[in-house]
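Novice: The following comprises the amino acid sequence and a computationally predicted model.
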Amino acid sequence: MSTGERLPHDDLWDAIDPVYQRILEHPFIERLADGTLPEAAFRHYLVQDSLFLDDYARSLALAAARAPDTATLRMFAGHASEAIDAERQMQDRLLSELGVGAEQMAATPRSPTTLGYGAYLVKSAALLDRHVALAAILPCYWIYWEVGTRLAERGSPNPRYREWMATYTDPGFEHAVAGCIAATDAALEEGSTGALHEAQQHALTAARFEWMFWDAAYRGETWPV
């Protein structure tokens, strides 16, 4: 999602691109496209992603509270409600088709990866400098857009997998990604010396969690004890 002019987010992408390439090669993603991903792995992913969304919404609400202007506040507040609601509706619909009801969801704990990623984002959004907080939040938006776009080009013989892909190539989601990128650029341009390097490290951590999230679903990760 490049504008032609090099901006701070381009340096963030340079930092996370090696992880993004690993994500594209992961069997969870590859098998989504060819339709051979076991539905048990997809179900595990959807359940954990639904649980993760609560923490992500909190992160976005914190980003809204710390916004430097009304427009950015309104944007992140909207993402925390409207965008999350749209994604949750897709998840609930697919989970219902896969036989997962409200009682099972309520009884399912966050996996280690889900808990770790959510806690990392909430902590970043609440406690770290704003440019770092946004750099940590951004990869979840941006990587999903890029992965969704790549997968939509390939399609999938499984209609549920196609529906999942369509959520992350919707123009409304693209608009949300662009808004978060612009807010991150603005925060980085106001940052002190060393701000970009610090932001790159946190964006990289978030990107690694993205890889781990799909990998955990593929392995059916649970607590070891």
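Specialist: Ah, there it is.
Novice: Where is the longest helix in this structure?
Specialist: Looking across the chain with DSSP state H, the single longest helix is helix 39-65.
Novice: what sits against the residue nearest in space to the middle of the chain?
Specialist: Nearest to the mean C-alpha position of the chain, by C-alpha atoms, centre = their mean, lies residue 140 at 2.4 Å. Each residue near residue 140 by C-beta atoms under 8 Å, 6 or more residues apart in numbering is listed here: 56, 121, 206, 210. C-betas here are computed from N, CA, C, even on glycine.
Novice: What ranges in the chain fall below the confidence cut-off?
Specialist: 1-4, 83 (pLDDT under 70).
Novice: all helices of it, in order?
Specialist: Under DSSP H, the chain gives helices at 8-25, 27-34, 39-65, 70-78, 84-97, 102-107, 112-127, 130-154, 159-167, 171-189, 195-219.
Novice: Convert the C-alpha atoms of the second one to PDB, please.
Specialist: The C-alpha atoms that make up helix 27-34 are tabulated as PDB, following Å, rounded to 0.1, in the frame of the first residue of the first chain:
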ATOM      1  CA  PRO A  27       1.000 -24.000   5.500                       C
ATOM      2  CA  PHE A  28      -2.000 -22.400   7.200                       C
ATOM      3  CA  ILE A  29      -2.100 -19.700   4.600                       C
ATOM      4  CA  GLU A  30      -1.100 -21.900   1.700                       C
ATOM      5  CA  ARG A  31      -3.800 -24.500   2.500                       C
ATOM      6  CA  LEU A  32      -6.400 -21.800   2.900                       C
ATOM      7  CA  ALA A  33      -5.800 -21.000  -0.700                       C
ATOM      8  CA  ASP A  34      -5.800 -24.600  -2.100                       C
END
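Novice: follow-up on the earlier one: who wins on neighbours among the contacts of residue 140?
Specialist: Each of the contacts of residue 140 was scored for neighbours by other C-beta atoms under 10 Å, and residue 121 scores highest at 27 neighbours.
Novice: quick one: the residue lying closest to that residue once chain neighbours are set aside and residue 110, what's the gap?
Specialist: For residue 121, ignoring the flanking residues on the chain, the nearest one in space by C-beta to C-beta, 6 or more residues apart in numbering is residue 59 at 4.3 Å. Distance of residue 59 to residue 110, computed by C-beta to C-beta, to the nearest Å: 15 Å.
Novice: out of the two, which sits in the busier spot?
Specialist: Neighbour totals were compared for residue 59 and residue 110, and residue 59 leads with 25 against 18 (other C-beta under 10 Å).
Novice: didn't that one look like it was pressed against residue 137?
Specialist: Yes: between residue 59 and residue 137 there is a contact under C-beta atoms under 8 Å: 5.6 Å.
Novice: Need the residues touching each of these two.
Specialist: 121, 124, 125.
Novice: ok, the last one - how many residues close by?
Specialist: This points to residue 125. For residue 125, using other C-beta under 10 Å, the count is 26.
Novice: and what of the second one?
Specialist: Counted with other C-beta under 10 Å, the neighbours of residue 124 add up to 22.
Novice: The closest residue to it other than its chain neighbours and residue 207: what is the separation?
Specialist: Spatial nearest neighbour of residue 124, chain neighbours left out: residue 136 (4.0 Å); criterion: C-beta to C-beta, 6+ apart. Computed as C-beta to C-beta, the residue 136 to residue 207 distance reads 10 Å.
Novice: Thanks a lot, see you next time.
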